[in-house]
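[1] Sequence and computational prediction follow.
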Amino acid sequence: MNFRRRKSHELQGMIHLYRERTGETAVDMRKVAEFAMGMGWSMPPPLSPLERLAKELSRAAREETRYDPTTRLPYRVNHAYPGLRDGAQTTLWTDIDRAPRGPMHMSLQLRRNQMIDDGYHLSLDAEHWNSIHPEDAPIEIQFDFTQDIDERKSADEDDAAG
C-alpha cells in the first residue's frame, strides 16, 4: 500500500471512529478534525505563504472565463495539464487562446476522464444504495448529458442575447 493510500485509510478510520463515538451519521469534517486533534492526531504542517498563493492562483485560473465573440457563450480560459519542470512532475496551466494542440488535447482528455470516473463511481454508489433499499423506489441516474448540456447552452444563449 503506497503512502497516500495508507494515509487515506488512516483518515477514513478516524472518520469511522468519530461516527462511532458521536453517533452522528452526517458529519462536519471540521468537527472530525477537532476530534482527531483532541485524540493527539499529528496535524499536517501549515501551508507556506508560497504554497497558499500557488493554490489561490490555481483557483483563480480555474475560474477565469471569457466570451466567444461569435457565440457570445462563456469558455474557460486556463486549462491544466501535467508536465515536467526541473525534472519533477507538476501541473502546468495554458491559456486556451494560445495553447498548442498537444497540451490542450491533454487537458480536455483529463477533464473527460474525470467525468468518466465520476460517472463510474456514481453508478456504483446508486447501484449499492438501490440494492440495500429494495423497499424504496430505485434512484436512477441518467448518464446521457446531451440534453442537459444543450439546455444549459440554450439558457446561456438566452442570457447572452438578453
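    In hand now; what should we look at? Numbers count the residues shown, from 1 in each chain.
[2] Could you check how far the spatially most central residue of the chain is from residue 120?
    In the chain, the C-alpha nearest the mean C-alpha coordinate belongs to residue 114, at 8.1 Å (CA atoms, centre = their mean). Using CB to CB, to the nearest Å, residue 114 is found at 11 Å from residue 120. Using the backbone N, CA and C atoms, a C-beta is placed for each residue, glycine as well.
[3] Below-threshold pLDDT in the chain: ranges please.
    1 (pLDDT under 70).
[4] All the strands of it, residue numbers only.
    In the chain, the strands defined using DSSP state E lie at 65-67, 74-76, 78-85, 88-95.
[5] residues of the last one that come out buried?
    Read that as strand 88-95. The neighbour-count check on strand 88-95 (16 or more other CB atoms under 10 Å) flags 93, 94 as buried.
[6] Which strands or helices does that strand pack on?
    helix 49-63, strand 78-85, helix 101-132 (3 or more CB pairs under 8 Å, 6 or more residues apart in numbering; DSSP states H and E).
[7] can we see that at 6 Å?
    strand 78-85 (3 or more CB pairs under 6 Å, 6 or more residues apart in numbering; DSSP states H and E).
[8] Break this protein down into its domains, please.
    By the assignment in automatic domain parsing, the chain contains the domains 1-44, 45-161.
[9] Just give me how far the last one sits from the chain centre.
    Taking the mean of its C-alpha atoms, domain 45-161 sits 8 Å from the chain's own mean (CA atoms, centre = their mean, to the nearest Å).
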